[in-house]
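1. Structure, please.
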Amino acid sequence: EYLDRRQVKYIRSGLDALDFNGPIWKIPEFVRSMPDYIIFNQYDQPLFLEAKGFKGMIKLKIRDLKNYRLWNNHLEIVLFLYDIVNRAYCEVMFNEIVKIIIERKPEIKSYPEHPDNKYYEIPTHWLPDFTNF
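-> Numbering: from 1, shown residues only. Purely as a prediction, here's the structure:
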């Protein structure tokens, strides 16, 4: 809806694009972490877009970030971060997120159901201004 409203050309690309109920866990992690969309900016340059919804704090999985770094070598990644509670969003380049992580050193946490699945918890005020829908 957001891309259509802004008249951004896009193609669904990640596994979220699939209407599939099979053993996705058998697909290599790198492929599973492919960004959600390929978008085209105003100059028709392609970029990846990864959409992340969150409540409260932004949680970015460490293993996903490692894979995004590889994807980012092919097309730059824009992260679309959507605050579900406040109906606000921001767009931030992957390289900017990496810079924030290096400089601010956010807390690393684990999901209770998967202790090996670690993530960075990033407060929204560390990011560019959020815009309300």
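2. how about residue 86, what does it touch?
-> Counting by C-beta atoms under 8 Å, 6 or more residues apart in numbering, residue 86 touches 130, 132. For the C-beta atoms, the positions are set from N, CA and C on the backbone; glycine is no exception.
3. and it, what element?
-> For residue 86, there is no helix or strand it lies in under DSSP states H and E.
4. try residue 95
-> helix 94-104.
5. show me what contacts the residue nearest the centre of the chain?
-> Taking C-alpha atoms, centre = their mean, the centroid of the chain lies closest to residue 50, which sits 3.7 Å from it. By C-beta under 8 Å, 6+ apart, the contact list for residue 50 reads 14, 35-37, 68, 77-80, 94.
6. switch to 10 Å and redo it
-> Shown in contact with residue 50 (C-beta atoms under 10 Å, 6 or more residues apart in numbering): 13-14, 33-37, 60, 64, 68, 71, 77-81, 94.
7. so what pLDDT did it get?
-> pLDDT recorded at residue 50 is 97.
8. likewise the one 4 residues further on?
-> According to the prediction, residue 54 has pLDDT 96.
9. That one and residue 19, how far apart?
-> Using C-beta to C-beta, to the nearest Å, residue 54 is found at 25 Å from residue 19.
10. Tell me the helix or strand right after the helix holding residue 95.
-> Next along from helix 94-104, by DSSP H and E: strand 107-111.
11. next one: that following strand to chain centre, how far?
-> 17 Å (C-alpha atoms, centre = their mean, to the nearest Å).
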